[in-house]
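Engineer: prediction below, plus the sequence it came from.
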Amino acid sequence: MHHYTESGLDNIYLVNGYEITLVDGEECISYTGFEQIQRAIGVTICNQNSWMNAQQFKFLRKEFQLTQSALGRLLFCDRQSIARWEKSETAIPPLVDITLRALYLESINEDSHVRLTIDSLADAEIADLNKEIRIENKDGKWQAVVA
């Protein structure tokens with residue numbers, strides 16, 4: 001078994017799917033399907049029956065290839081909050097934990113639109129809060145009227 005520290009997590013071990021070779025007296029490790037390994041870790045984190053720890057939170061952020069600031073915009077918080085969660089200085093709020101899991105699982109499922117909705121909300125203007133919404137019944141089905 002190989003202790004897979006490359007993930008940034010302390011508790012990941014690969015049973016197979018890797019090869020260790022000696023090059024100039026040093027061990028070199030190659031992996032079969034690096035992206036699939038990372039995805040399997042991400043899915044395992046999202047499906048665990050406990051709250052994420054700081055390392056797991058950071059792992060998912062890096063899987064999204066987001067900076068702390070960019071993730072903060074998606075979660076409607078500042079970069080400092082993300083940094084404190086990743087350093088275990090403060091607890092990750094349960095709603096943030098759930099949201100990040102949902103975003104990750106959605107990101108690997110192309111049929112879902114959660115990320116698009118959150119992205120559009122991140123850019124929403126407060127002035128739109130009182131915007132008039134018109135709904136009509138068309139052929140027995142209620143729907144928004146496009147202005």
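Structural biologist: Great, that's in hand.

Engineer: what's the per-residue pLDDT of the residue nearest the centre of the chain here?
Structural biologist: What sits nearest the mean C-alpha location of the chain, by C-alpha atoms, centre = their mean, is residue 104, with 3.7 Å. Note on residue 104: pLDDT of 90.

Engineer: kindly report the same for the one 10 residues further on.
Structural biologist: Residue 114 is assigned a pLDDT of 65 by the prediction.

Engineer: what of residue 66?
Structural biologist: 92.

Engineer: also the one 5 residues further on?
Structural biologist: The predicted structure scores residue 71 at 94 on the pLDDT scale.

Engineer: wait, a helix at it?
Structural biologist: Yes: judged by DSSP: H, G, I helix; E, B strand; the rest coil, residue 71 forms part of a helix.

Engineer: could I get the full set of helices for this structure?
Structural biologist: 34-47, 54-63, 68-75, 79-86, 94-107, 114-122 (DSSP state H).

Engineer: most neighbours per residue, which of those helices?
Structural biologist: helix 54-63 (a mean of 20; mean count of other C-beta atoms under 10 Å). In this view, the C-beta of every residue, glycine as well, is placed from N, C-alpha and C.

Engineer: using PDB, list the CA coordinates for that helix.
Structural biologist: Provided in PDB are the C-alpha atoms of helix 54-63 (Å, rounded to 0.1, in the frame of the first residue of the first chain):
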ATOM      1  CA  ALA A  54      -9.900  21.600   7.300                       C
ATOM      2  CA  GLN A  55      -7.700  19.400   5.100                       C
ATOM      3  CA  GLN A  56     -10.700  17.900   3.300                       C
ATOM      4  CA  PHE A  57     -12.200  21.400   2.800                       C
ATOM      5  CA  LYS A  58      -8.900  22.600   1.300                       C
ATOM      6  CA  PHE A  59      -8.700  19.400  -0.900                       C
ATOM      7  CA  LEU A  60     -12.200  20.100  -2.400                       C
ATOM      8  CA  ARG A  61     -11.300  23.800  -3.000                       C
ATOM      9  CA  LYS A  62      -8.100  22.800  -4.800                       C
ATOM     10  CA  GLU A  63     -10.100  20.200  -6.900                       C
END
